[in-house]
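> for reference, the sequence and a predicted model appear below.
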Amino acid sequence: MDRTSNILFRFHIDLPLFGGVVVMCALGLVVLYSASDQSLDVVLKQVARILIGFTVMIAVAQVPPRRLARWAPALYVVGLVLLGLVLIVGIGRGAQRWLDFGVLRFQPSELMKLAVPLTVAGFLADKVLPPSLRTLVIALVLALLPAAMIIEQPDLGTAILVATSGLFVLFFAGISWRFIRNSTILALAAAPLAWFSMHDYQRRRVLTLFDPGQDPLGAGYHIIQSTIAVGSGGVYGKGWLNGTQSHLEFLPERATDFIFAVYCEEFGLIGVAVMLIAYAMIIVRGIQIALDAQEMFGRLIAASLVLTLFIYLFVNMGMVTGQLPVVGVPLPMVSYGGTSLVTILAGFGILMSVQTHRKFIAET
């Protein structure tokens, strides 16, 4: 074992996954510099958050999966308490989503993106699988309770992602296709009720998806400007720092939720292909880690985290290109932000923990 491999082994760092994450974070800084009107201050703040995130990632990687499973219920309870505090004293623009501790602003719903799959995976890991009806109901409650609290903020997009992260664990635990089919039918039947329980702005976002031109200066503005930016990039793009939609301030939220539109405009189809390949490398490595996991908990949590990352990408890119409603989901490791970035990197730390704490049996 060479010196580099020995250092990586001691710190439980999975090199392929680590390399992919570094590449995506570096690419994110390049795009952010342009999206923020070449603001070094914004980029340096993001660098600080990336360093914090990498510190958390490496720290989490040191914790064996079994210990993560034991800690998960406490993390889950803390998350519920914080979500309760958000509903009482939370701050935000038009919604209560943040807790302000003076020197730190924190979004507890991001914590639940890890706490929910960890808790559900820990609960199922020592049960007989596929899960019984009683086990299934308890797992569903664990996944849906925090999602219901997040909806009250209101933050429908994050609530769906939190619930989905827990449901993915159930899916990999081997629930029957019959249950999936019946649940889908029930969800479709309840769709009208869900529609009328949505806030007015949420319904407008859904309707605008089908006809953005009905309110071009209001609800449809984001989608219209975003699709213009994406389409104007063409095959080769306009070049770094040369995007007109972003730099002339037509594109809203260009450093956060719609940063993918900035990237498409400046780097074009070829640049998008490069980004997708980088993401695919991370996802494929995550799948390999899940398949190689030696314990049920590691297999469930690794598979859930990888599929959840894919959903983040799918939702953000679908939203930016006008294929999905605007729900405020950032592009992982690229969008400007603190809590979401640290949470994603912590998730990669969990994947590294699952991979590097395996017991290797020497061949004789």
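Cool, got the structure. Residues are numbered from 1 along each chain as shown.
> residues making contact with stretch 177-187?
Residues outside stretch 177-187 that contact it (C-beta atoms under 8 Å, 6 or more residues apart in numbering) are 136, 171. In this view, the C-beta of every residue, glycine as well, is placed from N, C-alpha and C.
> give the buried residues for that stretch.
Across stretch 177-187, burial judged by 16 or more other C-beta atoms under 10 Å covers no residue at all.
> one more: stretch 189-209?
Within stretch 189-209, the residues that count as buried by 16+ other C-beta under 10 Å are 202, 204-205, 208-209.
> surely Gly79 and Pro146 touch.
Yes - Gly79 lies in contact with Pro146 (C-beta atoms under 8 Å); the separation is 6.4 Å.
> ok, Ile91 to Leu309 distance?
28 Å (C-beta to C-beta, to the nearest Å).
> those two: who's more crowded?
Leu309 (21 against 12; other C-beta atoms under 10 Å).
> which strand or helix spans Leu99?
Assigned by DSSP states H and E, Leu99 belongs to strand 99-100.
> pull up the pairing partners for the helix or strand just after that strand, direction included.
Per DSSP H and E, strand 99-100 leads on to strand 105-106 as the next helix or strand towards the C-terminus. Note on strand 105-106: by DSSP bridges, its sheet partners are strand 99-100 (antiparallel).
> contact partners of the strand it pairs with?
So strand 99-100 is contacted by 82, 85-86, 89-91, 105-108 (C-beta under 8 Å, 6+ apart).
> quick one: average pLDDT of that strand?
Strand 99-100 shows a mean pLDDT of 81 in the predicted model.
> Phe171: neighbour count?
15.
> Ala125 against Val169, yeah?
No - the pair Ala125 and Val169 fails to qualify as a contact (C-beta under 8 Å) at a distance of 9.6 Å.
> mutual contacts of these two, please.
Joint contacts of Ala125 and Val169 (C-beta under 8 Å, 6+ apart) are Leu300.
> who has more neighbours, the two?
Val169 (29 against 21).
> contacts only, for the more buried one.
By C-beta under 8 Å, 6+ apart, the contact set of Val169 is 117, 120-121, 124, 139, 143, 300-301, 303-304.
> show the pLDDT at it.
pLDDT, Val169: 93.
> how close does it sit to Ala302?
Separation of Val169 from Ala302 (C-beta to C-beta): 10 Å.
> what's the answer for Val315, then?
The value you get for Val315 to Ala302, if C-beta to C-beta is used, is 21 Å.
> these two: who's more crowded?
A direct count of neighbours by other C-beta under 10 Å for Val315 and Ala302 places Ala302 higher, at 28 against 22.
> need the nearest residue in space to that one, chain neighbours excluded.
Ala290 (3.8 Å; C-beta to C-beta, 6 or more residues apart in numbering).
> try His247
Asp37 (6.8 Å).
> Pro216: neighbour count?
Around Pro216 there are 13 residues (other C-beta under 10 Å).
> secondary structure element for the residue lying closest to it once chain neighbours are set aside?
Leaving aside its sequence neighbours, Pro216 sits nearest to Ile224 (C-beta to C-beta, 6+ apart; 5.8 Å). For Ile224, the host element (DSSP H and E) is helix 221-232.
> mind showing which ranges of the stretch 201-350 of the chain have poor pLDDT?
209-211, 213-215, 217-219 (pLDDT under 70).
> OK, contacts around Ala143?
116, 120, 162-163, 165-167, 169-170.
> for those residues, work out which two are farthest apart.
Using C-beta to C-beta, the two most remote members of the contacts of Ala143 are Val162 and Leu170, lying 13.8 Å apart.
> more neighbours, those two?
Neighbour count, other C-beta under 10 Å: between Val162 and Leu170, Val162 has more, with 32 against 25.
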